[in-house]
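Colleague: Sequence plus the predicted model coming up.
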Amino acid sequence: SAVPRSSTSRADASPVFPMGVAASTMRPAVAGPESGAVLGLGSTPPAYCCGDLPAANGSMGLVTQTSTRPGGTGPSAPAPAESDGTAETTEVRAARPWLSRPDEAFTEDSLLARLLGAGPRWRDYPASLRVWLLLVPVLTAAAGGILRFVRLEVPPKLVFDETYYVKDAYSYLISGYERSWPDKANDAFNAGNPGVLLDSPEYVVHPPVGKWMIAAGMWIFGPENPFGWRFAAALTGTLSILLLSLIALKLFRSLPLAAAAGLLLAVDGHHLVMSRTSLLDIFLMFWVLAAFGALLLDRDDGRWRLAVRLARAATGSGGRPTAAQLLPGPWLGIRWWRLAAGLCLGLAVGTKWSGLFFLAVFGVLTVLWDLNARRVAGVRGWISGGIIKDGIPAFLSMVPVAGLVYAATWTGWFRSEDAYFRRWAQS
């Protein structure tokens, strides 16, 4: 018997899609805000799964139909027309007009689509959806707050390393630096009598930010009860749930994923314990997470500035920036969110010195984001331009700011007369 053959020839096949699927049936689908993609409910299925082929009665749905007429029987099928490959090119590029119309490559809309994606902006969502975009992260944080604040005073005594940090925080309230405690000081502290603090300085193990945050809770609710000791840790843990949920919403543009991220952190055992005891780790985690969120906002803000300034240069040069303008690309100005990230990282280092690792990694990360943005925008010298116009400003925006913030956290030590090692140089 004759071997069945497909009615679709190699000329009809798309270079992107496999043999047997005609390129003319491919039409890209663009998901809009009405598709539910932002809500995580899925989007319009890709056209190459469906095409425009109708399903026959009793068939298996929308599948590619090919002829299996044996050779030599029945009327011969006309030879398929040769395709020059322009059909699929036009259709696949329909959502990317700058490919087929280069004069549009440097319009503001095309640049924003390349750099930030074609998804809807905040202002494009209906008011009801905007409410949910804010309400869901708040609800996840509220659920985590209930788990952290209920019976926060239990156990009613110093546990684990609270014996160091809570007592150091109390000495910060009294004198602005660490002071020594007598033997059996925990018993007096647990009994609500922290006044046994000695006048001699105590050795400094960690920087002061976390201990100042613990001291803030003790200043509000008093140092005589465990709720006051642990209030700052519980509040910081709750806020970190809100922050993580908002970051997940920013990253994934999916409300269910944002809710899942917040709820998973809310019930995470390690995070829960750290939020209910006055240790330093929860404060370090919060400032690092805040720095990452600030850098995410800076990434989008920097790409928006890049698109606007390149489009402005193109408008003044007949629709396309000059070669000199495209060699390094534009300078993007002062990046305020990056300065905020430097502040948060300075507070992270001021909580524990291990925050220095995050300062280094986040600094490299934000520069790589900017280099890639210049490459996608069409800047020819995106490596050299990115290093000079993004890398150096990134260093100056983060490292000196973090250093100044870190030094400022030691103000109590600088103002003291007898803190530990305060007169080391003279002696």
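Modeller: Looks like it came in fine. Everything numeric in this text was worked out from a predicted model, so none of it was measured.
Colleague: all contacts plus neighbour counts: C-alpha atoms, from now on.
Modeller: Fine.
Colleague: what about this protein, any weak spots by pLDDT?
Modeller: 1-102 (pLDDT under 70).
Colleague: if we go to 50?
Modeller: 1-83 (pLDDT under 50).
Colleague: for it, what spans make up the strands?
Modeller: Using DSSP state E, the chain contains no strands.
Colleague: what's the longest helix in it?
Modeller: helix 281-315 (DSSP state H).
Colleague: elements contacting that one?
Modeller: If you count contacts as 3 or more C-alpha pairs under 8 Å, 6 or more residues apart in numbering; DSSP states H and E, helix 281-315 packs onto helix 108-116, helix 226-252, helix 269-275, helix 336-349, helix 355-377.
Colleague: which residues touch the shortest one?
Modeller: Helix 269-275 has contacts (C-alpha atoms under 8 Å, 6 or more residues apart in numbering) with 147-148, 233-238, 265-266, 281-282.
Colleague: so which pair among those is furthest apart in space?
Modeller: Within the contacts of helix 269-275, 147 and 281 form the most distant pair, 18.3 Å apart (C-alpha to C-alpha).
Colleague: What spatial separation is found between residue 272 and residue 244?
Modeller: Taking C-alpha to C-alpha, to the nearest Å as the measure, residue 272 falls 15 Å from residue 244.
Colleague: returning to what we had before: switch the contacts of helix 269-275 over to TSV; also include neighbour count.
Modeller: Listed next are the contacts of helix 269-275 as TSV, based on neighbours: other C-alpha atoms under 10 Å:
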residue	neighbour count
147	18
148	26
233	28
234	29
235	16
236	18
237	28
238	29
265	22
266	25
281	17
282	25
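Colleague: which of residue 272 and residue 244 has more neighbours?
Modeller: Set residue 272 next to residue 244 and count neighbours by other C-alpha atoms under 10 Å: residue 244 wins out with 24 against 20.
Colleague: Who are the contact partners of that one?
Modeller: Contacts for residue 244 (C-alpha under 8 Å, 6+ apart) come out as 261-262, 289.
Colleague: That one and residue 137: what is the separation?
Modeller: On the measure of C-alpha to C-alpha, residue 244 and residue 137 end up 8 Å apart.
Colleague: go on, residue 404?
Modeller: Distance from residue 404 to residue 137, by C-alpha to C-alpha: 33 Å.
Colleague: So if I had to pick from those two, which one is more boxed in?
Modeller: Taking neighbours as other C-alpha under 10 Å, residue 404 and residue 137 compare with residue 137 leading, 26 against 13.
Colleague: so that one sits right up against residue 245, yeah?
Modeller: Yes. Using C-alpha atoms under 8 Å, residue 137 makes contact with residue 245 at a distance of 5.3 Å.
Colleague: residues shared between the contacts of the two?
Modeller: Common neighbours of residue 137 and residue 245, using C-alpha under 8 Å, 6+ apart, are 258-259, 262.
Colleague: residues touching the closest residue to residue 266 other than its chain neighbours, list them.
Modeller: Setting aside the residues directly before and after it, residue 266 is nearest to residue 144 in space (C-alpha to C-alpha, 6 or more residues apart in numbering), at 4.5 Å. Going by C-alpha under 8 Å, 6+ apart, residue 144 touches 238, 241, 263, 266-267.
Colleague: quick one: contacts for the closest residue to residue 227 other than its chain neighbours?
Modeller: The shortest distance from residue 227 to any non-neighbouring residue, by C-alpha to C-alpha, 6+ apart, is to residue 153 (4.7 Å). Neighbour list for residue 153: 225-227, 230 [criterion: C-alpha under 8 Å, 6+ apart].
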